[in-house]
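Let me see the structure of the following:
(chains A, B, C and D)
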There are 2 protein chains.
Amino acid sequence: MITLKELANTLDVSISTVSKALNGSSEIGEKTIARVKEAAKLYNYQPNRVALSLRNSKTKTIGVIIPSILNHFFAKVLYGIDKESAKLGYNIITCLSNETCSKEVQGMELLANGSVDGFIMSISEEAQIKNKTQHFKSIIDRKIPILMFDRVSESIACDKVIIDDFQAAYNATSHLIKEGRKNIVLINNIEELSVGKFRKNGCIQAIKDAKHYSNELLEIKIANKNDLEAGIDKMFKENKVIDAVLCIDNISGVIAVNMAKKHGLNIPKDISIIGFSDDNVLPFSNPKLSTITQHAVAIGEASVQMMVKRLESKEPIEYTTKTIDYSLNLRDTTLQC
Amino acid sequence: MITLKELANTLDVSISTVSKALNGSSEIGEKTIARVKEAAKLYNYQPNRVALSLRNSKTKTIGVIIPSILNHFFAKVLYGIDKESAKLGYNIITCLSNETCSKEVQGMELLANGSVDGFIMSISEEAQIKNKTQHFKSIIDRKIPILMFDRVSESIACDKVIIDDFQAAYNATSHLIKEGRKNIVLINNIEELSVGKFRKNGCIQAIKDAKHYSNELLEIKIANKNDLEAGIDKMFKENKVIDAVLCIDNISGVIAVNMAKKHGLNIPKDISIIGFSDDNVLPFSNPKLSTITQHAVAIGEASVQMMVKRLESKEPIEYTTKTIDYSLNLRDTTLQC
DNA sequence: TTGAAAGCGCTAACAC
DNA sequence: GTGTTAGCGCTTTCAA
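Numbering: from 1, shown residues only, chains lettered A, B, ... in the order given. Predicted coordinates for the structure are as follows:
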């Protein structure tokens, strides 16, 4: 790592001349600029990012706080964040809250000390359930912008990137009704999360709005991920009339497919199944699961774009909420209609 | 963000007094220390990490370069890296190489400019296939340590954390032979990777070492992930004698289970299947896949420990290679014996 | 056209 | 026991 100073010494000019030359300042003579640039290339000079950060009070780094990297949705958003931020010349520094409030607070406090220019985050389950928002306010007070995606807080004024979970679930449910299904069940293992609530409400509303649908929505709540298989198995055992399943997390859909097969149901003749899944689970699903696809990569990209726009804007910008499209991918576990 | 200077002003002492007091220097009087610490707490003083980095030429940050965050193995290693580094007081800056050499080089070069103290990484597929190692050498020359995990390069001298892929595959294959299987097939879709080669060799060696196993190893090569289902389907169609399958990546195992069922095979009576998988795929496998489990979290943790040890050591340390245990988890797709 | 100097926030050797 | 000062690498105002 050669420094400006060393370059200046070898070239026998001053530090500031080198600095200006490298930045193409019009103050410096052409010949000098050429000489300096050549030497810089020769010695592979790279400006020290830390010094630049200190000088500019800008790190060109975004802190990313994610509840769990083992959740494929978040992994995919992170992929989008990484890609877009690299494109815009930013680094990302990642902290995993592991769904706990304490690690979320700790990670953010750590990074708020000049390590990052802003945060892109999704709220941990614990913070969302307990409605803890003080740490967000404290950071925003310190003029460090926060952008929340997917799991957001109503009570925090900041940029947000979400998908229209209500509408997505509404559409999926409407499709099931249009197929002629009469006994729809909602499998809910994320009822505590904001997105879980929106999805459930969308489902309920679709049923309300359907003129010819008379049955109540059956809701199966499964709190623990490890109970999913047993719970869905039990559901099929005890409810012989079920003819449609909407799964609002990203793995239950495939499990429902496997369990329905086990119980001798013909998919999609006897039963339709739709999941909120990404296509990474498709290799495990036979027939192929119909899904509501959240464009996770797009969520990540949009988040970075909004954040960078804010960071690089001279004037203050209004907070905005961007809604990313979803798509209803009808594959082989639903009827065409 | 209050600074030392501001703190010093409000307390009417010098900056260095405040600095020393906060660091508990014995030079400073007890009363002063108490006063300063109280004020620091009151104003929520946090030392600026960037200034500290510049001053100490240490960022307390580790650069993590990962081929793909969508691969569950790497996600899990990252989880371990995050956890352990937080514990040891380090941040991580993540770059995803996306399996390309160019992004790997670019990410590392970017971070090598004073942003990180060292790198923890796994080589991208492209760099490994093309045997590109110049960028590693260049960074090591600049005295920035690199630690490679899982996919490592023979020709680079650095710390390494691996699992004994050869032995793992050897053991799994030996188990299949002990079960009395006569027609073992290896499904290989990572033959270009170092780990793929080790696993294959382990399998081959186990067969060589088995006295009573006479058949040749059948190897099915599938280059593209999207062809896995079709390829495995075809395999079962064309080879009716297959009675054991070893899958050396982390999703083929479950696909093999599903396909074997589709072809009317009884698992594990007619056929045994073992995968190199993590337990995240188990919900999709029925019967439950027997697996070789790589302790991905442990790999991440060990990597951080080794790296931090090197970063904080006064004297130079020898490069070491640490081998992390694997375990052969026999579940329901193999016979007990 | 070039250079000197201040300052970003912090620590530590050295003075007082 | 407390303060002054230099310096980490860089940019930028101001002076020459």
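
who are the neighbours in contact with A:Asn215?
A:Lys182, A:Asn183, A:Ile184 (CB atoms under 8 Å, 6 or more residues apart in numbering or on different chains). Yep, even glycine has a C-beta here, placed from its N, CA and C like the rest.

how's chain A carved up into domains?
Chain A is divided into the following domains under automatic domain parsing: A:4-47, A:59-163+A:296-325, A:165-294.

Nearest to B:Gly196, out of those domains?
Judged by CB to CB, the one of the domains of chain A that comes nearest to B:Gly196 is domain A:165-294, at 18.9 Å.

my read: A:Leu4 touches A:Ile15, true?
Yes. Using CB atoms under 8 Å, A:Leu4 is in contact with A:Ile15, at 5.2 Å.

how about the domains of chain A, which one is nearest DNA strand D?
domain A:4-47 (3.0 Å; CB to the nearest atom of the strand).

Is chain B within reach of the closest one?
Yes. Applying CB under 8 Å from any CB of the partner chain, one finds domain A:4-47 touching chain B at A:Gln46, A:Pro47.

Wait, A:Ser285 touches A:Val254, no?
Yes. Counting by CB under 8 Å, A:Ser285 touches A:Val254, with 4.7 Å between them.

Between these two, which contacts overlap?
Contact criterion CB under 8 Å, 6+ apart; residues shared by A:Ser285 and A:Val254: B:Phe284.

Find the nearest non-adjacent residue to A:Ser153, please.
Excluding the flanking residues, the one nearest A:Ser153 by CB to CB, 6 or more residues apart in numbering or on different chains is A:Thr133, at 5.5 Å.

Quick check: phi and psi on the one you found?
phi -140, psi 0 (degrees, to the nearest 10).

How many neighbouring residues does it have?
Other residues lying near A:Thr133 total 15 when counted by other CB atoms under 10 Å in any protein chain shown.

And for A:Glu99?
Counted with other CB under 10 Å, A:Glu99 comes out at 18.

What of A:His263?
Using other CB under 10 Å, A:His263 has 16 other residues around it.

Model confidence for it, exactly?
Looking at A:His263, its pLDDT stands at 95.

and what of A:Leu11?
On the pLDDT scale, A:Leu11 gets 94.

A:Gln336 now?
pLDDT at A:Gln336 comes out at 86.

Distance check, it against chain B.
22 Å (CB to the nearest CB, to the nearest Å).

ok, now which ones touch the closest residue to that residue other than its chain neighbours?
Leaving aside its sequence neighbours, A:Gln336 sits nearest to A:Leu330 (CB to CB, 6+ apart; 6.8 Å). A:Leu330 makes contact with A:His175, A:Ser290, A:Gln336 under the criterion CB under 8 Å, 6+ apart.

Just the element for the last one, please.
If you go by DSSP states H and E, A:Gln336 is not part of any helix or strand.

burial of it, as a residue count?
Around A:Gln336 there are 6 residues (other CB under 10 Å).

returning to what we had before: any idea of the pLDDT on the residue nearest to A:Ser153?
97.

got it, and A:Ser214?
As predicted, A:Ser214 sits at a pLDDT of 87.

Next: A:Lys314.
A:Lys314 is assigned 86 on the pLDDT scale.

Pull up the gap between it and chain B, please.
Separation of A:Lys314 from chain B (CB to the nearest CB) stands at 21 Å.

Which parts of the stretch 51-200 of chain A are strands?
Remark: strands assigned in the stretch 51-200 of chain A by DSSP state E, counting those that start in this stretch are A:61-66, A:91-96, A:118-121, A:146-149, A:159-163, A:184-188.

and the fifth one, which strands flank it?
Translated: strand A:159-163. strand A:146-149 (parallel), strand A:321-324 (parallel) (DSSP bridges).

Need the nearest residue in space to A:Asn98, chain neighbours excluded.
Leaving aside its chain neighbours, A:Asn98 sits nearest to A:Ser68 (6.4 Å; criterion: CB to CB, 6+ apart).

For that neighbour, list the residues it contacts.
For A:Ser68, counting by CB under 8 Å, 6+ apart, the contacting residues are A:Phe74, A:Leu96, A:Ser97, A:Asn98, A:Glu99.

Keep only those of those that are in helices.
A:Phe74 (DSSP state H).

And the furthest pair within the contacts of A:Ser68?
Comparing every pair within these by CB to CB identifies A:Phe74 and A:Asn98 as the most remote, at 11.5 Å.

Please say which of these two ends up with more neighbours.
Ranked by neighbour count (other CB under 10 Å), A:Phe74 and A:Asn98 place A:Phe74 first, with 25 against 21.

what's around the residue lying closest to A:Ala223 once chain neighbours are set aside, how many residues?
The spatial neighbour of A:Ala223 that comes closest, neighbours along the chain excluded (CB to CB, 6+ apart), is A:Asn189 at 6.6 Å. The number of residues packed near A:Asn189 is 21, by other CB under 10 Å.

Does A:Asn189 touch A:Gly253 like I think?
No. If you go by CB under 8 Å, A:Asn189 and A:Gly253 don't touch, sitting 11.7 Å apart.

Could you pull up phi and psi at the residue nearest to A:Ala223?
phi -120, psi 20.

Look up how far chain B lies from it.
For A:Asn189, the distance to chain B - CB to the nearest CB - is 12 Å.

does A:Tyr79 really touch B:Leu70, like I thought?
Yes. When contacts are counted by CB under 8 Å, A:Tyr79 is listed as touching B:Leu70 (6.2 Å).

center of chain A, which residue is that?
Residue closest to the average C-alpha location in chain A (CA atoms, centre = their mean): A:Val77, at 4.1 Å.

contacting residues for the residue lying closest to it once chain neighbours are set aside?
Sequence neighbours aside, A:Gly300 is the residue nearest to A:Val77 in space, at 4.3 Å (criterion: CB to CB, 6+ apart). The neighbourhood of A:Gly300, defined by CB under 8 Å, 6+ apart, consists of A:Lys76, A:Val77, A:Leu78, A:Tyr79, A:Gly80, A:Ile81, A:Asp82, A:Lys83, A:Glu84, A:Phe149.

since we're on the fifth one, how many residues are nearby?
The local packing of A:Gly80 (other CB under 10 Å) involves 20 other residues.

Next: the fourth one.
The criterion is other CB under 10 Å. On that basis, A:Tyr79 has 19 neighbouring residues.

pretty sure A:Thr3 is touching A:Asn48, no?
Yes. A:Thr3 sits in contact with A:Asn48 when judged by CB under 8 Å, with a separation of 6.9 Å.

the more surrounded of these two?
Under the criterion of other CB under 10 Å, the comparison of A:Thr3 against A:Asn48 puts A:Asn48 first, with 19 against 16.
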